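K.L.:
no sequence for this one, just the structure:
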């Protein structure tokens with residue numbers, strides 16, 4: 001399992017300043033504790049002026065009062081109390097989000113400390129990670145188990161204080177001091193305080209077949225696998241040598257010796273032109289998938 005320091009060094013706020021010249025333009029915003037608590041709370045709250053969903057057309061038919069005759073006041077009360085009110089800090093964050101989105105060309109991909117909310121794209125109007133306003137970003141974050149796991153469990157697992165199982169496993173500790181206490185009580189190392197950040201990355205319409213996971217041992221690139229293992233991309237067979245050469249050259253020139261650990265993985269995108277861009281860093285093993293490899297092979 002990956003150690004705490006390895007996980008911390010894989011946070012985008014940790015590696016982006018060092019590698020920003022070889023990755024996509026990103027704006028990183030620190031998240032105050034009340035916002036973190038709100039993100040992992042139950043229920044969904046959108047303000048009346050939310051732009052997360054398209055406005056209903058006047059031509060659409062609305063349900064009549066008779067359609068709701070079976071509703072009870074108890075139902076309405078329970079639904080009204082499902083979501084906690086947003087913290088005051090959220091108004092400032094919304095302004096920061098909108099300004100960042102505009103500075104990045106009007107469309108972004110949100111990412112918390114380690115994870116993109118890929119599991120919540122079904123909530124997105126675009127059915128993708130592409131967000132055009134602050135409300136779409138917040139909707140994805142609040143709907144994502146991956147984001148909740150980042151906040152509540154990721155460091156606990158790395159410290160050995162939580163059971164395996166991803167976002168569905170581990171102790172039910174909150175995003176603040178409870179995580180450190182639980183780890184210590186369970187016999188694991190104490191979890192350090194961490195400043196979670198929200199990264200907004202400039203949107204690029206990437207081809208999934210050109211995304212690769214690179215595996216590094218002792219600083220050397222020992223293997224690369226396509227990230228999308230659910231499809232067979234025929235061009236990969238034809239371009240295999242060129243892709244391998246591009247990734248090897250990129251590693252030697254931009255990555256090797258610059259990441260603070262000898263064993264790690266990183267995701268990269270190889271364009272049709274041969275240009276390579278860094279996407280993300282992850283620990284070797286832990287919750288990182290070896291994709292088309294087995295860990296024994298690597």
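P.N.:
Perfect, I can see it now. Predicted model only: the values in this text are computed from it and were never measured.

K.L.:
Show me the chain divided up by domain.
P.N.:
Annotated domains of the chain cover 25-53+87-163+196-203, 206-297 [the TED database].

K.L.:
Quick one: those domains as a markdown table, columns for distance to residue 14, mean pLDDT and mean neighbour count too.
P.N.:
For glycine as for every other residue, the C-beta is placed from the backbone atoms N, C-alpha and C. Converted to a markdown table, the domains of the chain look like this (distance: least, CB to CB, whole Å; pLDDT from 0 to 100; neighbours: other CB atoms under 10 Å):
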| stretch | distance to residue 14 | mean pLDDT | mean neighbour count |
| --- | --- | --- | --- |
| domain 25-53+87-163+196-203 | 9 | 89 | 19 |
| domain 206-297 | 8 | 95 | 16 |
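
K.L.:
Of all those, which one is nearest residue 6?
P.N.:
The closest approach between residue 6 and any of the domains of the chain, judged by CB to CB, belongs to domain 206-297 at 4.5 Å.

K.L.:
Which parts of the stretch 101-250 of the chain are strands?
P.N.:
Per DSSP state E, counting those that start in this stretch, the stretch 101-250 of the chain carries strands over the ranges 108-111, 197-202, 211-217, 220-226.

K.L.:
contacting residues around the second one?
P.N.:
The set of residues external to strand 197-202 that reach it, using CB atoms under 8 Å, 6 or more residues apart in numbering, is 11-13, 16, 24-31, 97, 100-101, 104-105, 107-113, 137, 141.

K.L.:
hang on, the earlier thing: could I get the domains of the chain in TSV, plus columns for distance to residue 3?
P.N.:
Below are the domains of the chain laid out as TSV (distance: least, CB to CB, whole Å):
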stretch	distance to residue 3
domain 25-53+87-163+196-203	6
domain 206-297	8
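
K.L.:
could I get the strands of the stretch 101-250 of the chain as CSV with distance to residue 7?
P.N.:
Supplementary listing: these in CSV, determined by distance: least, CB to CB, whole Å:
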stretch, distance to residue 7
strand 108-111, 15
strand 197-202, 14
strand 211-217, 16
strand 220-226, 21
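
K.L.:
Ok, which of those strands comes nearest residue 118?
P.N.:
Residue 118 lies closest to strand 108-111 among the strands of the stretch 101-250 of the chain, at 9.9 Å (CB to CB).

K.L.:
on that earlier part again, return the subset of the contacts of strand 197-202 lying in helices.
P.N.:
12-13, 16, 97, 100-101, 137, 141 (DSSP state H).

K.L.:
Against residue 110, how distant is the residue nearest to residue 13 when sequence neighbours are not counted?
P.N.:
Distances taken as CB to CB, 6 or more residues apart in numbering put residue 197 closest to residue 13, at 4.4 Å, once the chain neighbours are dropped. Residue 197 sits 11 Å away from residue 110, going by CB to CB, to the nearest Å.

K.L.:
what's near enough to touch residue 262?
P.N.:
By CB under 8 Å, 6+ apart, the neighbours of residue 262 are 216-219.

K.L.:
at 6 Å what do you get?
P.N.:
218-219 (CB atoms under 6 Å, 6 or more residues apart in numbering).

K.L.:
now the one 5 residues further on
P.N.:
In this structure, residue 267 makes contact with 213, 279-280, judged by CB under 6 Å, 6+ apart.

K.L.:
Confirm it sits in a strand?
P.N.:
Yes. According to DSSP: H, G, I helix; E, B strand; the rest coil, residue 267 belongs to a strand.

K.L.:
Distance from the chain centre to stretch 209-228, please.
P.N.:
The chain centroid and the centroid of stretch 209-228 are separated by 19 Å, computed with CA atoms, centre = their mean, to the nearest Å.

K.L.:
May I have the distance across it, first residue to last?
P.N.:
End-to-end span of stretch 209-228 (CA to CA, to the nearest Å): 6 Å.
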